[in-house]
Structures are given as structure tokens and as C-alpha cells.
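J.: based on what follows, work out the 3D shape:
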Amino acid sequence: HDDLPCMDDDDYRRGKPSNHKVYGEAMALLAGDGLLTAAFERIAVWSQAGLFSAEVAVKAISELSAYAGSRGMIGGQVIDIQNENKPDISFETLQLLDNLKTGALIEAACALGCIVANADEKKIYAAKSFASKIGLAFQIKDDILDVTSSLEKMGKLTGSDAENGKTTYVTLLGVEKCQQLVNKLTEEAMTELQCFENNDALKEYADYLAKRDF
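T.: Next up is the predicted model:
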């Protein structure tokens, strides 16, 4: 949905023409609706198959609904649309936008893993905090790469933020301070993993996101 003409109108996604460029806007819209519905179907099907209890399924569905809905990803998209072509967006508004639009589903993914594993509330909170920090770091890094990278590396057009006069972390802070903030958030995210055993893969993932060049 984010790529649709009524939203960001992006022609490319991961180096390939985006869905609406290949199949048309109506089919792309329906594909997004279908995938969203399928997420909740999977939780129900796995619960019915005995992978986890109905109680866990309800908690998982409640969590995913909140993060995907108007208080999460969709809410972030609304803020994004409301602030289009506004050159005076504050850092706080931009951070709220990205925490909801980008970070919410990452938080949901980490929280759902803990819920299905019957983790305690302390670990669920730590997982959400880890996800929130790498989600924000990811978006700030994306803003940096929009200035410093290329279509060949990114798989999508770069320089579009500046061309559209869009306020980003780079326009507010500059590239150097943005990278410092990415590093700080990544370090804080790794600290949140201390309550988990076998956390090396997650630490490597957070480090990769901070250092990626595409």
C-alpha cells in the first residue's frame, strides 16, 4: 500500500518495479488487503493446529491489531500524509511518525515471538524496546542512504526526498549527526537483549542495519 500512487507513488521496490507498476493499482491494493488479512488467518490456523493455545492466539491477535492499526502503522501513515509538503516538521513529529509507520510492525514481530514462546512481561517489554530502537535506526539510516546511495545499491530511486522537498532526519540534523544517532540507538538496542540467551544473531542483525550501504 505504501508504494501506491495515492501514497508514496514509488516505482521500485527492492530493485524491481513495484506491484502497481506491474499489475495495476487495483490489484496492488487487493494484494495488500489480502496479505493483511492472511496475517491474522495464520495465527488462527496455527492455534487450531495446536502450536499454541487459544489464549496465546487472542493475545497475539490483539497485539498485532494494535501495531498494524490506527494506533500503529496506519496511524503513522496518516501523520505522514498530513505532513506532506510541510518543510517545518519537528524532530519529535518525525520520530513519532517513524515509530508508528516503520517501528510498529517490527515491534509486533518481536513481541509475537515472545508471546508464542510464553515469555514473561519483562522479556516482552525488552523485545519491544529493542525493536523500537532498531526500527528508528533503520529509518534514519534510510534517510542517510537516500542522500548517499544509488538505485543500483538501494533497489529503489534515491534523492527523491530532496527532490520532493521532504523533511527527513538528514535535513534536520545532517548526515554525520544522523549516523551518530543510528550508532547510539543500535548500542541501546543491543543493551535491551541482555535478558535473552543466544542473542548473537539479533546483535549481528542490529549491527548490520546500522552499517548497511543499501
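
J.: excluding sequence neighbours, find me the nearest residue to residue 29.
T.: residue 4 (6.6 Å; CB to CB, 6 or more residues apart in numbering). All C-beta spots, glycine's among them, are computed from the backbone N, C-alpha and C.

J.: number of residues surrounding the one you found?
T.: Residue crowding around residue 4 was assessed by other CB atoms under 10 Å; the count is 16.

J.: surely it and residue 25 touch.
T.: Yes. The pair residue 4 / residue 25 is scored as a contact, 6.2 Å apart, by CB atoms under 8 Å.

J.: from residue 76, how far out is the residue nearest the centre of the chain?
T.: Geometric centre of the chain, nearest residue: residue 102, 2.8 Å, by CA atoms, centre = their mean. Residue 102 sits 7 Å away from residue 76, taking CB to CB, to the nearest Å as the criterion.

J.: and what of residue 189?
T.: 19 Å.

J.: residue 73 reaches residue 100, doesn't it?
T.: Yes. The pair residue 73 and residue 100 passes the contact test of CB under 8 Å, sitting 6.4 Å apart.

J.: neighbour count: the two, which is higher?
T.: For residue 73 versus residue 100, neighbours defined as other CB under 10 Å are more numerous around residue 100 (24 against 21).

J.: wouldn't that one be in contact with residue 70 here?
T.: No. Residue 100 is not in contact with residue 70 according to CB under 8 Å; the separation is 9.5 Å.

J.: run through this protein and note the low-pLDDT ranges.
T.: 150-165 (pLDDT under 70).

J.: what about 80?
T.: The model of the chain has pLDDT under 80 over residues 85, 87, 149-166, 214.

J.: that one: strands as residue ranges?
T.: Remark: strands assigned in the chain by DSSP state E are 12-13, 16-17.

J.: and the ones you listed, which is most packed in?
T.: For the strands of the chain, average neighbour numbers computed from mean count of other CB atoms under 10 Å are highest in strand 12-13, which has a mean of 14.

J.: ok, and the closest non-adjacent residue to residue 188?
T.: The nearest residue in space to residue 188 (CB to CB, 6+ apart) is residue 133, at 5.3 Å.

J.: residue contacts, the one you found?
T.: 185-186, 188-189, 192 (CB atoms under 8 Å, 6 or more residues apart in numbering).
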